[in-house]
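1. using only what follows, build the 3D model:
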Amino acid sequence: MSEFLLEIGTEELPASFVAPALEALRAEVTARLATARLAHGEMRIFGTPRRLALLVDGVAAGSEPTVQRHLGPSTKVAFSPGGEPTVAARKFAERQGVDVAELEQVATQKGTHIAAVVTEFGRPAAQILADLLTPLVHGIAFPKSMRWGDVPIAFARPVHWIVALLDDAVIPVTFGDVASGRTTWGHRFLAPEEIVLDRASAYAGTLRAAGVVADIAERRRLVQAEAEAAAARRGGRLVANEALLDEVTQLVELPSPILGEFEERHLDLPREVLVSEMERHQRYFPVEDRDGALMPYFVAVSNTPVRDEALSRRGYERVLRARLSDGRFFFDEDRKIPLGDRVATLERVVFQQDLGSYADKVARIRALAAWLARQTGNADQVETVTRAATLAKADLVTGMVGEFPELQGVMGREYALASGESPDVALAISEHYLPRHADDALPTLQAGALVGVADRIDTLCGIFAVGKEPTATADPFALRRACLGVIRIVLHLGWRLSIAGAVDEALRLLGRGTEDTAARVLAFVRGRLRVLWSDAYPVDVVEAVLAAGWDDLVAAHRRLVALSSLIGQPDFVAAATAFKRAVNIVRKSPWRPSGDPQPDLFSESAEHQLHADYLVARARVAELESVDDVSGILAEMGHLKPAVDRFFEEVRVLVDDPAVAENRICLLGQVAGLFGRVADFSRFQTTG
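-> Numbering: from 1, shown residues only. I've put the predicted structure just below:
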């Protein structure tokens, strides 16, 4: 067994590129080695801003041999009536690399065919790796790539060296004008000389001695532990942010945390301003006390241990001081103008070329949010909702948000409070942006949720109305995220809201769009709903529930949960199978009867029994629907199942008498339709 190392050395990579590229590299190498039948052991990935690397343990000396039988033409085609091989047989043998005399005759379902038994012998590991590595390196995908010099191939950043070793042997790999070897490089400043690797197994240890912690998990632990230790020296702790920790880990090769300080007077700025400045703009870790209050400290992580820590600290502090001074200036200046006075300025800010200004959008949001409030039983919130919607986008024209766009909503809240608005209005302004992403918090106030849903539905309908809906590769208006936000809010707050009604009202307020626009918007929402629920529930159950109706999201979700809890239970599967059969018979019949079946046309006792049991079940289901008892409704399926089974055993549906046949289809249609409001059982793959 051998060890194999591949390292691609580059100029500094964007932090967000490293981990995805390494995971893709590992997956691709695993797949290609499997295709080549080359056995191996553990596969470890290493990465820093200057390198992508993969180390494979336990690589076999060569691939496993394989014996395969390849079918050729039928014997009638392969041999003449006299038994002589035809041109077809000779050509087949030639393609398979065997002699005609070695061909076999094999019986198949389609008759007897000739076949060639081909033995593919194993190949040396070095040869296999040499064949697959160059196209593999060329095929690594990045969000953005670049070309440099005369190199005709793109990569995330210029490639400077490649190491490819199988134990101590170099495997040939080329990328542009760079050829593989055994030379790597350590830390840019601590070990600037080239390093010659004797063997692949020496990789991690050699780099560590040269000032590079190549193992990402180890480097992440070092960043966290040393940064936490630095904060603890001032009696504080790091503000938790896993994404920042991951990003900083990919920005350094040898982490060296430095504790810095800023002026305490800046602590009266909104917490989000300070945290955003440190995390998003400087990649510093903010420090808070045990009660969660920010302290005037931060931890920066340098890529190089410094001789004069005080000098380095002053550099980090100077950069943050300038940023916080800008924030302080914007905060003080913005508060000189009441937030309500800024609304008129939105006339000069374009929302979308065909949909007008943000002032136009605010007017639509205000009207739609008030409509939603009444529809969801929040009529008492209309005044708060209307005011919050009016001010929701006013902070877009403030200096602070102009400089720091990620603070929109947050600054609206702060400036609303400074302008004397009520706390509920201020919080609604901030919360109408929630959730910003899949893992984000949801609004705590009905008012913020109503304004947020109105904002998202207006955007969805507006963008669809002007024909700029998402494509498979582009979603510039983040409509998928907006749609999921609407779904999450409605389900979280339990709103019994008609999504179709909300879309119609939004299109009415837009003054544009057609029935086709509404249909496309609703199809888009349904698609997002299917994706969201299919992550947690069986796809066929999701489809069955959606096919029965989803306009009331809360009701649809209750049906989904109830059905999913029964999947796999033998009694339910049997009942669902019976009703699936009923649905399919009705759909395939030539009749679409309306009204009730006529009992005087029943001639079999099984018909009378099913009809009588159906009437009892219908009354019971009506009672259960009035209290949203989905589980109770599904239990009625079990009560009705014996009569359905007996009907199928004793009654022939499509008899010669069309009146009788149609009447039986009518009865089955009503039986199937009784539970069709819960799910379309014909969509169940789990029921046979």
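2. what pLDDT is listed against Arg147?
-> What the model reports for Arg147 is a pLDDT of 92.
3. kindly apply the preceding question to Ala115 instead.
-> At Ala115, the pLDDT value in this model is 89.
4. can you get me a residue count around it?
-> 18 (other CB atoms under 10 Å). No exception for glycine: its C-beta is placed from N, CA and C like everyone else's.
5. would you map out the domains in this protein?
-> Using automatic domain parsing, the domain parsing of the chain gives 2-62+124-209, 66-120, 218-334, 339-535, 558-683.
6. most packed of those domains?
-> domain 339-535 (a mean of 19; mean count of other CB atoms under 10 Å).
7. so what touches the one helix or strand in the chain whose mean pLDDT sits lowest?
-> Of all helical and strand segments in the chain, the minimum by mean pLDDT, DSSP states H and E falls on helix 570-588, at a mean of 82. With contact meaning CB atoms under 8 Å, 6 or more residues apart in numbering, helix 570-588 is reached by 566-567, 634, 637-638, 641, 644-645, 648, 653, 665, 668-669, 671-672, 675-676, 680-682, 684, 686-688.
8. let's go with 6 Å and repeat that
-> Here helix 570-588 makes contact (CB atoms under 6 Å, 6 or more residues apart in numbering) with 566, 637-638, 641, 644-645, 665, 668-669, 671-672, 675, 681-682, 684, 687-688.
9. look up the closest residue to Glu42, ignoring the ones flanking it.
-> Once flanking residues are discounted, Glu42 sits nearest to Asp57: 4.8 Å by CB to CB, 6 or more residues apart in numbering.
10. pairing partners for the helix or strand containing the one you found, with directions?
-> Following DSSP states H and E, one finds Asp57 within strand 51-59. Next to strand 51-59 in the sheet, as set by DSSP bridges, lie strand 2-10 (antiparallel), strand 43-48 (antiparallel).
11. wait, which of the ones you listed is closest to Ala389?
-> strand 43-48 (46.5 Å; CB to CB).
12. check the average confidence over the lengthiest helix in the chain, would you?
-> Counting residues, the longest helix found in the chain (DSSP state H) is helix 309-334. For helix 309-334, the mean pLDDT works out to 94.
13. which pLDDT value goes with the residue of the chain most remote from its centre?
-> Distance to the chain centre peaks in the chain at Gly82, reaching 64.6 Å (criterion: CA atoms, centre = their mean). Listed pLDDT for Gly82 reads 84.
14. and if you look at Thr687?
-> At Thr687, pLDDT is 45.
15. with Pro305 instead?
-> For Pro305, the pLDDT comes out at 89.
16. check Leu668 too.
-> pLDDT, Leu668: 89.
17. which residues sit in contact with it?
-> So Leu668 contacts Ala582, Ile585, Val586 (CB under 6 Å, 6+ apart).
18. closest to Leu460 out of those?
-> Val586 (35.5 Å).
19. roughly how far apart are the closest residue to the closest one other than its chain neighbours and Leu546?
-> Nearest residue to Val586 in three dimensions, chain neighbours excluded: Gly669, at 4.7 Å (CB to CB, 6+ apart). Distance, Gly669 to Leu546, by CB to CB, to the nearest Å: 21 Å.
20. same thing with Gly315?
-> In terms of CB to CB, Gly315 sits 57 Å off from Leu546.
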